[in-house]
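Enquirer: this is the structure alone, sequence omitted:
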């Protein structure tokens, strides 16, 4: 079995990619976006974290979050988000015998990608990647056209302009 190494930094800022098990043609995350938002808010209330950037695509999501000082347990938060979202969905997916034996849903990939943000430049690159991702995957021609993104908050706060990222492929240099 691989030796997965996680970066446990209390109060750290991290980039994550979290993916559905069945990616091809799957739109669960946007079809049930309200349920996903509810779960994230519930987990944030019980186990606080700051969302710096977040984008939800049909089959995966990316985010940049910061944990409170003295807290390094992002795994707990992801476990609660994934489980809470799964419980809100009808049981329609195919499940392997192993998942059935473990009473697991067949919605999420078990693992996720995490990257500890190292400095301001790394933070900016990952935030750009988060916001540009719907364009990268061909879902929309402009970043502003994708509704499930913190990009709109950045525009409303005057931190980004509405036409930001117009075809700039340098925004693809991090992530997956």
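Expert: Great, that's in hand. What you see is a predicted model, and the numbers here were worked out from it, not measured in a lab.

Enquirer: pull the distance from the helix-or-strand element of the chain with minimal mean pLDDT to the chain's centre.
Expert: Across the helices and strands of the chain, the lowest-confidence element by mean pLDDT, DSSP states H and E is helix 97-101, at a mean of 75. With C-alpha atoms, centre = their mean, to the nearest Å as the basis, helix 97-101 stands 26 Å off its chain's centre.

Enquirer: which strands and helices sit next to the helix or strand that that helix is followed by?
Expert: From helix 97-101 onward toward the C-terminus, using DSSP states H and E, the following helix or strand is strand 113-116. With contacts taken as 3 or more C-beta pairs under 8 Å, 6 or more residues apart in numbering; DSSP states H and E, strand 113-116 sits against strand 13-19. Quick note: C-beta positions are derived from backbone N, CA and C, even for glycine.

Enquirer: helix or strand right after the strand it packs on?
Expert: helix 28-31.

Enquirer: would you mark the buried spots in that following helix?
Expert: In terms of neighbour count (16 or more other C-beta atoms under 10 Å), helix 28-31 has its buried residues at 28, 29, 30.

Enquirer: low pLDDT regions in the protein?
Expert: Applying pLDDT under 70 to the chain flags residues 1-6, 93, 99, 167-176.

Enquirer: for it, what spans make up the helices?
Expert: 28-31, 33-46, 74-87, 97-101, 120-136, 151-156 (DSSP state H).

Enquirer: go ahead and name everything in contact with the least confident helix or strand of the chain.
Expert: 105, 106 (C-beta atoms under 8 Å, 6 or more residues apart in numbering).

Enquirer: repeat that with 7 Å
Expert: Outside of helix 97-101, the residues within contact range by C-beta atoms under 7 Å, 6 or more residues apart in numbering are residue 106.
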